[in-house]
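**Q** Fold the following.
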Amino acid sequence: MDKKNVRLRIRFINILFGLSISIIIFRLAFIQLGAKADKYVSIAMNQYNLDYRTSNLNYRILDDKSNDLIKYSTKYIVEVKSNIFKNFNNNIEMEKILTFTSILKNYNEDFDLIQKFQENPGYNFKFEVDKYTYEKLQTVQDINGIYLYEYDEFNEKEAWSIENILIKEISENSTEENYHTYIENNKYPKIDFNYVKTGKDVVDPNNNNFKLTIDKELQDGVKNIISDKKYDEFDSIAIAISEASTGEIKALTQKNEYNPNIILGSTSLGYVPGSVFKLVVAEAAIDSGIFTSKHEFSCENSRYNLCKDRHAGKLTMEDALAVSCNNIFAEIGKEVGWDLIKNYAEEQGFFKKVLGFSDLREASGSYAEPKEYEDGPLFLSMGQNMLIEPLQALNITNTILNNGIYTKLKLIDKIVNENNEVIKEFSNTSDKVLKKDTANILKSMLINTLENGTGKNIKISGVESGVKTGTSERFDGENIVSDGWVLGYFKHRNKYYSMFVFVENINEEGQFGGNTAGPIFKEIVEYYTSTF
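**A** Residues are numbered from 1 along each chain as shown. Below you'll find the model as predicted:
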C-alpha cells in the first residue's frame, strides 16, 4: 500500500473521530442545557434512592373523631446527594447555589458544604436545622441533589400520657390483646423526591391505625383546667371520664405527664381508694339484703373509734355515706363480711388490670386480708389496707348508672386503615352485678352526698349529678401522705358520664377530697355541659 493511501486513511479516521467527539459534546450540551435538560436530569437521578422516612412511627393513634392524639416533635432535615449536586446543576444559576451554601453555613459553621465536598468527594450529607433556616432554604429548593423534609418523632417528654404508654406497649408487644400484630406489616410514611422536586408525601393506604374512645377536644380541655394557676399547689392531679352505658373512656389525663401515670398506678402497686370504696360496701350490704339504706346506726356508740373524735350520732346508712362515717361503715363491714364485699368488688373489675398493660405501666391492685384481732374488715370497709388502680373506681359509678350492669371499660375502639375503613372492632363484656333497685338506691345515695354531705360545695345548678368524696392515707416509702378523691357522675344530653378526680399529696391538716378534688370536679362538669 503506497504512502498516499495511508495518509488518506489516517485523515479520514481523524475526521471521523473528530466528528464523533463533536456529536458527543453537542449531545451532552443538549442534555444539560437544552429545553429537555430537566427531563434528562430526572431520568439520571432516578438511578438514586430519593425517598426518606418522615416519622419514627408506622401507625397513628386517633381519637374517636379520627384526630391524631400523638404529640410530635418535628425535626427539619436537609439531605445532600453529592453526585447529583455536583453533576446535575449546570443549568442552575450559581447565585442560587451560593445562596444555599451560605444559608447553611450561617446556621452552623460546621455545615460548610464546599469544604465537606473537598474532604469527602463522594459522601452524602444529612443536616438538621431549625425551622427558620429550613424555611429560608425552601426558597432555593430547586437545586438538584438537595432534599428538604420534616421528620416527626413522637414526643417522649410526656412519657406517661396514655398515648405514649400505648406506643411503648405496642412496640414491646406486651399488651394482653397483642395489638402489635395489627401493625407489624405497616410501612413507614415517607417523602418521595423521585418525580416531584419538592417531594411527595407517601403513606400506604393499607397501614393500620388505632382508633381510641378518647375525645381529644375534651381531654385537652380537661388538661387546660387542671394546669390552671389556681391549682398550682397540687403537683399531681389525675382525671378519668367515661360514658357510663358503653364503658368508653372519653378522657384520661393528668397534670404532669412526665411523672408516672397515676390513673393506671404506673410504676407502683396502686393507690389507696379511701372512702370511695364505701360505695362497694354499701352495694354489698343492700344488694344482699343484710341492711337497707335507711337502717339506723350509732356512730357514738360504735365498738370502733375510727372517726377521729368527729362523732355524728345516729345515722342511716345513706346519711353515714353522705358524711363518710368510718365507725358506721366498719360496723357494716363486720356484719357483711369481707368475702362478700370482695366478691362485689371483683365482679366490678377491682384487683385486676383494666387495660391489660404490662406490670410496669399498670397496677392490678391488692388487699390485706383482715387479721383476727381486727374484729372484722374494719379498715378494708373504709377503703384502707388495699390498693387499686384508680381507673377501676369508674366501674363503681358506671355499674350504678347502668342499673346494676357492670360494663368493662374500653380504650381501644377499632383498628382502621388510612381510609378510615374498619379492619377490626373491639367489644367489651357486660355482666349483671347489682339488682336494679340496689343500683337506684345507690344513685340516690350519691345525690344525697352531693346535696347534704361532704360534696355540698360541688353541687352544680341545673345538672343532675352525684358524688362520693374520699381522703386516703398511704405510705410513700418515707412518710404517711394523704390523697384527695371525688368519684361521681353527671348527666348531659340524656347521657350519663362517670368521672373521678384524684389529687395526690394533699395537706392532711384542713384538706380533704371535698375541698381539693371537689372544685376541680365541679369545674370540669361545668366545662363539659357548656361546651359539648
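
**Q** How is the protein partitioned into domains?
**A** 51-154, 216-531 (automatic domain parsing).

**Q** ranking those domains by burial, who's on top?
**A** domain 216-531 (a mean of 20; mean count of other CB atoms under 10 Å). All C-beta atoms are positioned from the backbone trio N, CA, C, and that covers glycine.

**Q** Span of that one from start to end?
**A** 13 Å (CA to CA, to the nearest Å).

**Q** what do you get for stretch 257-264?
**A** This stretch, stretch 257-264, spans 12 Å end to end (CA to CA).

**Q** cool, stretch 294-314 as well?
**A** 11 Å.

**Q** contacts for that stretch?
**A** 315-318, 320, 323, 325-328, 330-332, 375, 378, 382 (CB atoms under 8 Å, 6 or more residues apart in numbering).

**Q** now do 7 Å
**A** 315-318, 320, 323, 325-328, 330-331, 378, 382 (CB atoms under 7 Å, 6 or more residues apart in numbering).

**Q** phi, psi of the nearest residue to residue 171 once chain neighbours are set aside?
**A** Spatial nearest neighbour of residue 171, excluding adjacent residues (CB to CB, 6 or more residues apart in numbering): residue 180 at 7.5 Å. Residue 180 has phi and psi values of phi -60, psi -30 when expressed as degrees, to the nearest 10.

**Q** what do you get for residue 443?
**A** Main-chain torsions, residue 443, degrees, to the nearest 10: phi -60, psi -40.

**Q** what residues are up against it?
**A** 400, 401, 466.

**Q** can you list those in TSV and add distance to residue 199, pLDDT and secondary structure?
**A** TSV is the format used below for the contacts of residue 443 (distance: CB to CB, whole Å; pLDDT from 0 to 100; DSSP: H, G, I helix; E, B strand; the rest coil):
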residue	distance to residue 199	pLDDT	secondary structure
400	55	99	helix
401	51	99	helix
466	56	98	strand
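
**Q** Of all the domains of the chain, which one comes closest to residue 175?
**A** The closest of those to residue 175 is domain 216-531. By CB to CB, the value is 5.5 Å.

**Q** so where's this structure uncertain?
**A** 1-49, 301, 309-311, 373 (pLDDT under 70).

**Q** element containing the most centrally placed residue in it?
**A** In the chain, the centroid-proximal residue (CA atoms, centre = their mean) is residue 163; its distance is 2.3 Å. Following DSSP states H and E, one finds residue 163 within helix 162-172.

**Q** all helices for the stretch 151-300 of the chain, in order.
**A** Assigned by DSSP state H, counting those that start in this stretch, the helices in the stretch 151-300 of the chain fall at 162-172, 216-226, 278-287.

**Q** May I see these organised as TSV, with distance to residue 297 added?
**A** Below are the helices of the stretch 151-300 of the chain laid out as TSV (distance: least, CB to CB, whole Å):
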stretch	distance to residue 297
helix 162-172	41
helix 216-226	37
helix 278-287	11
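
**Q** Go through those and name the closest to residue 426.
**A** Closest approach to residue 426 among the helices of the stretch 151-300 of the chain (CB to CB): helix 162-172, 13.4 Å.

**Q** got the buried residues for that closest one?
**A** Going by neighbour count (16 or more other CB atoms under 10 Å), the buried part of helix 162-172 is 162, 163, 164, 165, 166, 167, 168, 169, 170.

**Q** I'd like these as a markdown table, with distance to residue 241 appended.
**A** Formatted as a markdown table, the buried residues of helix 162-172 follow (distance: CB to CB, whole Å):
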| residue | distance to residue 241 |
| --- | --- |
| 162 | 12 |
| 163 | 16 |
| 164 | 19 |
| 165 | 18 |
| 166 | 18 |
| 167 | 22 |
| 168 | 23 |
| 169 | 22 |
| 170 | 24 |
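
**Q** what about the helices in the stretch 351-500 of the chain?
**A** 378-381, 394-401, 436-452.

**Q** Dump those helices to CSV, plus distance to residue 120.
**A** Listed next are the helices of the stretch 351-500 of the chain as CSV, based on distance: least, CB to CB, whole Å:
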stretch, distance to residue 120
helix 378-381, 71
helix 394-401, 59
helix 436-452, 72
